[in-house]
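> Sequence first, then the predicted structure, then my questions.
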Amino acid sequence: MASTVLILFASLLAPFLFFLPGVDADTSSNVFSVQSYGAHGDGQHDDTKALGDTWSAACSSAKPAVVLIPKGKKYLTKHTTLFGPCKSSIMFMVKGTLVASPERSDWSKETIRHWILISGVTALTVTGGGTIDGNGMIWWQNSCKTNSKLPCTEAPTALTFLSCKNLKVENLKVVDSQQIQISVEDCTDVKVSRVSITAPETSPNTDGIHITRSRDVQVMDCTIKTGDDCMSIEDGTDNLYVKNIVCGPGHGISIGSLGDHNSEAHVNNVTIDTVRLYGTTNGARIKTWQGGKGSAKNIVFQNMIMNNVRNPIIIDQNYCDSSTPCKQQKSAVEVSNVLFKNIQGTSASEETIMLHCSSSVPCHGVTLENIKLTLKAGSSDAKSTCQNAEWKKFGSVSPQPCGFKN
Ligand SMILES: *[C@@H]1O[C@H](CO)[C@@H](O)[C@H](O)[C@H]1NC(C)=O
């Protein structure tokens, strides 16, 4: 009986199996395992060269190739660059663990920004259910954000995708990155899904997913626990769709910071949909520095549930993450056409809605629709504050936005 059901089930599924990553008949025969290129897989010996050699072999294969990091093993690597273009599509199948060297001296001034850098690859899928472990403790301990007596230095991003096209990152764990966990830069046509990202709440600058200068990007079904932004959406992001994300601890989902050092920044067409946040410092945030140029527009934050979030809804155009106070400046990145819709839950501070816009370039086209935010500890009332914001509301919005009277 049970086997009949199983066979029936399997035959129903069979037509779809073809589309699952890893069972594609084309690639299954063309596997390049790091184990065959001299890797030790004991987490002690340096496997950087073995990984590079495996990649080169797979990348020069004329048919779709798989780079395999076998299950149950740990491959220690230093700074690693995996370059395209490759001759065919590549699947980077991480079943085991890639762990970063814990020696800071393994990084030079030139390499310090990256641990694993994947650059210029088209039709790449990174998957396998395994782990990318940045082993970041030593970097956190030596950060000036942890110990203000130490000089501020850079630290590697665990996994960087630079100039990739048609990229999928799915079913992967990234843990304890040195600094940013996953960075997508200058890429087009990207899908990130079912990725779990974890670093301690106290780890400095460990943004979960960082996106910049990239278009047509989707991020879905991810869980992000970290010490910095859950997602940071930066200059040059165009057509980004984010759905079904769980964040916290961390600093929430942030567009920006934009316009630092009087720079020009453009973010357009971003939808953040269905997010639960737990104990994060911010929820839905747009932050820009004074003095910038450009725009952040056509942005939707919707269907969000806040649990004890300090600033659930915040536009901050006077962002200043600097040791010296930032001075008043005339220009700013223009923020317009922003919708906050169906947002509810609890706030850890009184100020639940903050629309703090620039006096020289006010925000316009801000809409608040169906919002209900209450204070976690019911000792006082939730409130909202606005500066230089032109906004309207639909449905019920609580707290009453910015002294709204009716
Ligand atoms: C906005 O981005 C979405 C993807 O999130 C895309 O489907 C849509 O076509 C874009 N809209 C415009 C006007 O480009």
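Arrived safely, thanks for sending.
> alpha carbons only for contacts and neighbour counts from here, please
OK.
> The longest strand that the chain contains pairs with which strands, and in what direction?
The residue-count maximum for a strand in the chain (DSSP state E) belongs to strand 293-309. Within its sheet, strand 293-309 is paired with strand 264-278 (parallel), strand 334-347 (parallel), according to DSSP bridges.
> tell me which residues in that strand are buried?
Going by neighbour count (16 or more other Cα atoms under 10 Å), the buried part of strand 293-309 is 293-309.
> which residues touch the next helix-or-strand element following it?
Helices and strands here follow DSSP states H and E; after strand 293-309, the next one along the chain is strand 311-316. For strand 311-316, contacts defined as Cα atoms under 8 Å, 6 or more residues apart in numbering pick out 281-288, 306, 347-349, 351-357.
> and if you look at stretch 142-162?
Contacts made with stretch 142-162 from outside it, assessed by Cα under 8 Å, 6+ apart, are listed as 111-120, 132-134, 139-141, 177-187, 204.
> cool, and stretch 242-250?
Defining contact as Cα under 8 Å, 6+ apart, one finds that stretch 242-250 is touched by 200-201, 218-230, 270-281.
> mind running it again at 7 Å?
201, 218-230, 271-281 (Cα atoms under 7 Å, 6 or more residues apart in numbering).
> now for the strands paired with strand 293-309, which one comes closest to the ligand?
Closest of those to the ligand is strand 264-278, at 4.9 Å (criterion: Cα to the nearest ligand atom).
> returning to what we had before: distance from the longest strand of the chain to the middle of the chain?
Relative to its parent chain, strand 293-309 has a centroid offset of 15 Å by Cα atoms, centre = their mean, to the nearest Å.
> hang on, isn't L258 packed against T288?
Yes - shown here, L258 and T288 form a contact pair, counting by Cα atoms under 7 Å, at 4.5 Å.
> What ranges in the chain fall below the confidence cut-off?
Across the chain, the ranges flagged by pLDDT under 70 are 1-28, 378-379, 403-406.
> Return the residues of it in contact with the ligand.
Applying the criterion Cα under 6 Å from any ligand atom, the portion of the chain that neighbours the ligand consists of 239-241, 269.
> Now the two most distant members of those.
Y241 and N269 (8.4 Å; Cα to Cα).
> in the stretch 301-406 of the chain, which spans are helices?
When secondary structure is read from DSSP state H, counting those that start in this stretch, the stretch 301-406 of the chain shows no helices.
> returning to what we had before: any chance of the strands paired with strand 293-309 in TSV with mean neighbour count as columns?
Below are these laid out as TSV (neighbours: other Cα atoms under 10 Å):
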stretch	mean neighbour count
strand 264-278	22
strand 334-347	22
